[in-house]
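# the sequence isn't on hand, but the structure is:
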C-alpha cells in the first residue's frame, strides 16, 4: 500500500485528489489549516488528517517523520486584483503559500522518498501564460513550474519524477470567488461572469476537480515513469 500526502486537502482539487487515491486503496494523509474540512474530505475513508500550515517549515518537516511514496503539493491561494491594489502583504502571502509551501513540501519529501516516488505540484494554466489582475498568483505559479522543472533534473537518476498539473478554471470555491470578483468589477450577473471566466476554454465549461484528480492518478502510476519535468495542462485546450 502506497503512502500518499495531499496538502490543501480540505476542499476543491485537494479533496478530489485525496479521495481518488484513497478509493483506489492507497493510505492517504491530508494536510490543511482547518481540521473540520479535512474530516469532511475523509468522510470515513480512513485518511490521516494533519492540521498544518505549509508555510511553517518545522510543521512541514514534522509531516515527514515517515516517508511518502507520492506527494501532491496542492495548497494554494489567489485573488484577482489590479496590480496597483495588491499590497506587499498580499504579494508575500501568495508567494509564501503557493511557491514557498511547495518548496518546503518537496524538500522535506525528498529527504526520505523511496525510489519510484512521485512529486506532483498543482500549478495552473497561469504558470504557462500571464493574465490581467492576477499578477501575484501568476508569478507564484510560474515559480512553481520552475521549481518542478529544476527538481525533475535533480532527481531523475533516483527513479523519482516531479511534474506539475496546470488546470484552467476548476469548479471550486476559488472559481466562485473569481466569479464574484468579475461580477463586482464588471457590473454583470453571475451567469455572465461565469461565461466570461470559461471563455478561454474551448470546451466552454468549468473543469471538475475529479478531472484534475484523474491527471494526478496518471502521473503517480507506473505508466508515467518516463513523464518527468512536465506541465500537464488540464484546460480543455486553453493551452
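Everything's here; your move. Predicted model, so just to flag it, every value in this text is computed and none were measured.

# in the lowest-mean-pLDDT helix or strand in the chain, what's buried?
Ranked by mean pLDDT, DSSP states H and E, the helix or strand of the chain with the weakest confidence is helix 173-186, at a mean of 86. Within helix 173-186, the residues that qualify as buried are 174, 175, 178, 179, 181, 182, 183, counting by 16 or more other CB atoms under 10 Å. (C-beta placed from N, C-alpha, C; glycine too.)

# can I get the residues you listed in CSV with distance to residue 70?
Putting the buried residues of helix 173-186 into CSV (distance: CB to CB, whole Å) gives the following:
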residue, distance to residue 70
174, 23
175, 26
178, 29
179, 32
181, 34
182, 35
183, 38
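
# how does this structure divide into domains?
Listed domain ranges for the chain are 3-168+208-234, 169-206 (source: automatic domain parsing).

# hmm, back to that, of the buried residues of helix 173-186, closest to residue 143?
residue 174 (18.3 Å; CB to CB).

# who's in contact with stretch 45-55?
7-9, 18-19, 22-23, 27-35, 38-39, 41-42, 59-60, 62-63, 73, 75, 96-97, 100-102, 104-105 (CB atoms under 8 Å, 6 or more residues apart in numbering).

# apply 6 Å and report the result again.
Stretch 45-55 has contacts (CB atoms under 6 Å, 6 or more residues apart in numbering) with 7, 22, 28-31, 33, 35, 38, 59-60, 75, 96, 101.

# off-centre distance for it?
Offset of stretch 45-55 from its chain centre (CA atoms, centre = their mean, to the nearest Å): 15 Å.
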